[in-house]
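Asks: I would like the atomic coordinates for the input below:
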Amino acid sequence: MSSIASAPRRVKPFRRAYVTSANEGGGRVLTLHIRTGRKVEFFDYYLKPIPCQDGAAYEVSKLQGDGETYHVRIATDGNTCECKGFLAHGHCKHLASLVALRAAGRI
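Replies: All right, here's what the predicted structure looks like:
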């Protein structure tokens, strides 16, 4: 008998996302919080809805570090994000978090 060795499957880390809002400078500001894994890595972003004809779109800007900004689109013809993770792998924490929050009626 021969057996085929396979690589162990990577287990996706636990992820929690939520949105908070505050009134700043006369306007409402949304903040997206993403917590990942056992180490409780955290990622916080300003979240700004932007116009989109065929679904929903958001501008997501990092609060930490360089303030990098990504555009995330959730649409019937496919979801996209401009971050390096999505461009390399076709999925990312920004898109997964926003899809889950929309499905739950939180945004």
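Asks: For stretch 85-93, what is the distance to the chain centroid?
Replies: 10 Å (Cα atoms, centre = their mean, to the nearest Å).
Asks: List the buried residues of it.
Replies: Neighbour counts using 16 or more other Cβ atoms under 10 Å place 86, 92, 93 of stretch 85-93 among the buried residues. Any C-beta I mention is one placed from the backbone N, CA and C, and that applies to glycine too.
Asks: The last one contacts residue 45, correct?
Replies: No. Counting by Cβ atoms under 8 Å, residue 93 stays clear of residue 45, with 10.2 Å between them.
Asks: Regarding stretch 17-32, how distant is the last residue from the first?
Replies: By Cα to Cα, to the nearest Å, the extent of stretch 17-32 from end to end equals 7 Å.
Asks: mean confidence score for it?
Replies: For stretch 17-32, mean pLDDT rounds to 84.
Asks: isn't residue 42 right up against residue 34?
Replies: Yes. The criterion here is Cβ under 8 Å, and residue 42 meets it with residue 34 at 7.1 Å.
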